[in-house]
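K.L.:
what's the 3D shape of this:
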Amino acid sequence: MVMSFGRMSEPLTKVQKVDSTTTAKSYNFAYKYEDSNHPTAPTQIGHDHYTYDANGNPTLVTNDSANTTREMYWDEDNRLMVLSDNGKTSRYTYNAAGERIMKSYGTMEGVYINGAPQGITFHETDNFTLYPASILSVNKNRFTKHYFIGDKRVASRIGTGLFNNVYGRNGSYVTAGQQDYAERMNQIQKQKEAYYKQQGIAPGVPTMKGAYGDPENTGLGYNAVLTELGNHDVPQGWIQTPKPNTTPNTNPGPPVSWNDPSNPDDPQAGYGYIPNDTTKEETFFYHSDHLGSTSYITDDKANITQYDAYLPYGELLVDEHSSSEELPYKFNGKQFDEETGLYYYGARYMNPMASIWYGVDPLAEKYQFLGSYVYCSANPIKIIDVDGNDEFHVNGNGNIIKVVNNNSVNITIVSPDGSKKYFSDYETKSIFLGWGNGKNRQIIANVAAYYAKAIGIKATVGTIGDIRKDEPAYYDPKDNGIWIPAGENGTPDILLKNKYNLMNTLFHEDMHFQDNHRGMGDSHFLHASVVSRASSHWTFARTTQAYKGGQAIYFSQLAMNAYYNPPKDANYTKQDVLKLISNFNKTNKGNIRLHFDEKRKIMNISIDNNNLGSLRYKRSNKTMNL
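P.N.:
Just a heads-up that it's a prediction; the model follows:
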């Protein structure tokens, strides 16, 4: 696959050629940008033509070759509510925090205006998924419970909520009192679902043992089977069978009424009702790569049940599974919606074939140096989308147990008692001969490692109790580790509470790791090169103004020292320094402009066309590892 990009990382061309057995995944796309209101929004990708609303959300995609259309409707918060592919419709529901709590798919009945249902609507196929919690997803008559270590999904348990028939030796149903108990229960369930559909309400949620808890109150509800009917004690040997409510157009609650106990002489000899556990539970384990993408899935007997391989932007190249269960958590560990071919990332949906987001980056107005629809700054091999997660729940050992999106750029850590602190509020300095504050250091190390992984850093990340003034992080070649020390207040540098400041700082230090530490201690030129590379990373665009200003000043002093104070064995020229400054101006994502006055030995600095002033050259024989 070969792609080319514009100066805002927007894709211009995509040529993908796969072997002859997968020609459907080989194509040659040209990206056109002809909408002056949305200059980074592609108006055409291959045969697909895109139309956008005033907020930059795609509303219509037409294919001039296959003669197909895809319509999309968005709410006032720029969330995708309805996606319709030639009459097949996917509908999404979100909670107040913007998290998806339900998706449904099928032939929609009803009228929608701007994605909002007008009157009663439902999907005939009852093809829906509920997400009542991050650890649980529910389909009709089945559930999936997820297990996480930190933010990483490591296993899923699948169970069903069906009433199953039990078969006798001769293949006939096992009955009780010549009554098919399982079929009676299924009749009751069908009646309940028909009533819900009539009311425009989604079917209920099966529990692990088959009882139903209903999403909305329709009388007593199906869970009344357990609460209202008691234990049904009958004389020993007698059998009691259920019967459905047969009154037309009435609420089915109480959903079960019971026939009088059958005389034990009625059932045929050798037959009787055998209680059947209504669940079939299987557990699957995820084995992922450095991007969190699922490569292999194994069952609880270590048998490989699923294998997935991906093209760079997440399009499935290989999808093999030996189990009847195909789990949807694939590229980056995100859910793949098979109905639409999109990945759900929380804030937006990603089209892996087109290599773009559906919907504008929520922070696009602040950070205008990145294309609003570009996935991971066009570097999907190394980095993943951070997903806006910035509230970390930790346990008593300082380990991350949950990550929540609280729509903030500041990193908040929630302790087991519910108290909250910013990342930079944790005291990490060493006390009592190096002991103490160990749990705090563990928390900071775990959170920093989370963000390091998100941007593809492979070096070890940790914290240290040493106090280092004006040095928020440093790289130690002895252990190939990036360390976050305690600042002069005994806590991490206050700038690091912003997740983008932290990520860019970690990226800077990783450049030293990639360069094998060469010249870090005494070469101003090489260190200035690292600062320049870090400023061109996508995270730099989202850092705070204070961080950008600090990096501009730091780069300027390094560059001027490289120019006026080169080492005796310098392998660069003054012209190389001038080129480095020019390259910094061209590539940094912070809209920083430097003007070097060689005669006066000053650097004029501006950010966002606002002049910060002039920085005078100050001689230094050693570089500070910032």
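K.L.:
contacts and neighbour counts: CA atoms only from here.
P.N.:
Fine.
K.L.:
ok, now how distant is S104 from N57?
P.N.:
When distance is defined by CA to CA, to the nearest Å, S104 is 21 Å away from N57.
K.L.:
What of A354?
P.N.:
With the distance defined as CA to CA, A354 ends up 15 Å from N57.
K.L.:
Mind telling me what element F584 is part of?
P.N.:
With secondary structure defined by DSSP states H and E, F584 is part of helix 574-587.
K.L.:
That helix packs against which elements?
P.N.:
helix 524-535, helix 545-564, strand 592-597 (3 or more CA pairs under 8 Å, 6 or more residues apart in numbering; DSSP states H and E).
K.L.:
Give me the residues contacting that helix.
P.N.:
Outside helix 574-587, the residues within contact range by CA atoms under 8 Å, 6 or more residues apart in numbering are 525, 529, 532, 535-536, 559, 562-563, 591-594.
K.L.:
ok, 7 Å please
P.N.:
Contacting residues not belonging to helix 574-587 are listed as 532, 536, 559, 562-563, 592-594 [CA atoms under 7 Å, 6 or more residues apart in numbering].
K.L.:
Can you tell me which of the residues you listed are classed as buried?
P.N.:
Burial by neighbour count, 16 or more other CA atoms under 10 Å: within those this picks out 532, 536, 559, 562-563, 592-594.
K.L.:
now the helices: where do they sit in the stretch 401-550 of the chain?
P.N.:
Secondary structure of the stretch 401-550 of the chain (DSSP state H, counting those that start in this stretch): helices at 438-454, 499-514, 524-535, 545-564.
K.L.:
so which of the ones you listed comes closest to K25?
P.N.:
For the helices of the stretch 401-550 of the chain, proximity to K25 was assessed by CA to CA; helix 438-454 is nearest, at 27.4 Å.
K.L.:
what packs against the closest one?
P.N.:
The elements that helix 438-454 packs onto, with contact taken as 3 or more CA pairs under 7 Å, 6 or more residues apart in numbering; DSSP states H and E, are strand 460-467, helix 499-514.
K.L.:
Can you redo those as a markdown table, where the extra columns are mean pLDDT?
P.N.:
Written out in a markdown table, the entries for the helices and strands packed on helix 438-454 read as follows (pLDDT from 0 to 100):
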| stretch | mean pLDDT |
| --- | --- |
| strand 460-467 | 84 |
| helix 499-514 | 91 |
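K.L.:
quick one, which of the ones you listed is packed in tightest?
P.N.:
Comparing the helices and strands packed on helix 438-454 on average neighbours per residue, with mean count of other CA atoms under 10 Å, the densest one is helix 499-514 at a mean of 24.
K.L.:
Tell me which of A354 and N57 has more neighbours.
P.N.:
Between A354 and N57, N57 has the larger neighbour count (other CA atoms under 10 Å), namely 24 against 17.
K.L.:
Can you check the pLDDT for that one?
P.N.:
According to the predicted model, the pLDDT of N57 comes to 88.
K.L.:
try Q198
P.N.:
Model confidence at Q198, expressed as pLDDT, equals 61.
K.L.:
Make 632 the first number, not 1, from now on.
P.N.:
Sounds good: first residue 632 from here, last item Q829.
K.L.:
among the helices and strands of the chain, which has the poorest mean pLDDT?
P.N.:
For the chain, counting by mean pLDDT, DSSP states H and E, strand 843-844 ranks last in confidence among helices and strands (a mean of 28).
K.L.:
Surely Y762 touches M733?
P.N.:
Yes. Taking contacts as CA atoms under 7 Å, Y762 lies within contact range of M733: 5.9 Å.
K.L.:
Quickly note the distance from the nearest residue to H669 once chain neighbours are set aside to W705.
P.N.:
Distances taken as CA to CA, 6 or more residues apart in numbering place G687 nearest to H669, at 6.4 Å, with adjacent residues excluded. Computed as CA to CA, the G687 to W705 distance reads 11 Å.
K.L.:
With R731 instead?
P.N.:
Shown here: R731 relative to W705, a distance of 14 Å by CA to CA.
K.L.:
can you tell me which residues contact D695?
P.N.:
Under the criterion of CA under 7 Å, 6+ apart, the contact list for D695 reads 678-679.
K.L.:
In the stretch 1132-1257 of the chain, where is pLDDT below threshold?
P.N.:
Low-confidence segments of the stretch 1132-1257 of the chain (pLDDT under 70): 1147-1153, 1252-1257.
K.L.:
brain fart, the stretch 632-781 of the chain
P.N.:
Flagging of the stretch 632-781 of the chain using pLDDT under 70 yields the residue ranges 637-641, 650-655, 728, 738-757, 771-772, 781.
K.L.:
Mind jotting down where the helices sit in it?
P.N.:
Taking DSSP H, counting those that start in this stretch as the criterion, the stretch 632-781 of the chain carries no helices.
K.L.:
what about M634, how many neighbours?
P.N.:
Using other CA under 10 Å, the number of residues around M634 comes to 14.
K.L.:
Which residue, neighbours along the chain excluded, lies closest to it?
P.N.:
When the adjacent residues along the chain are set aside, M634 lies closest to K645, with 4.4 Å between them (CA to CA, 6+ apart).
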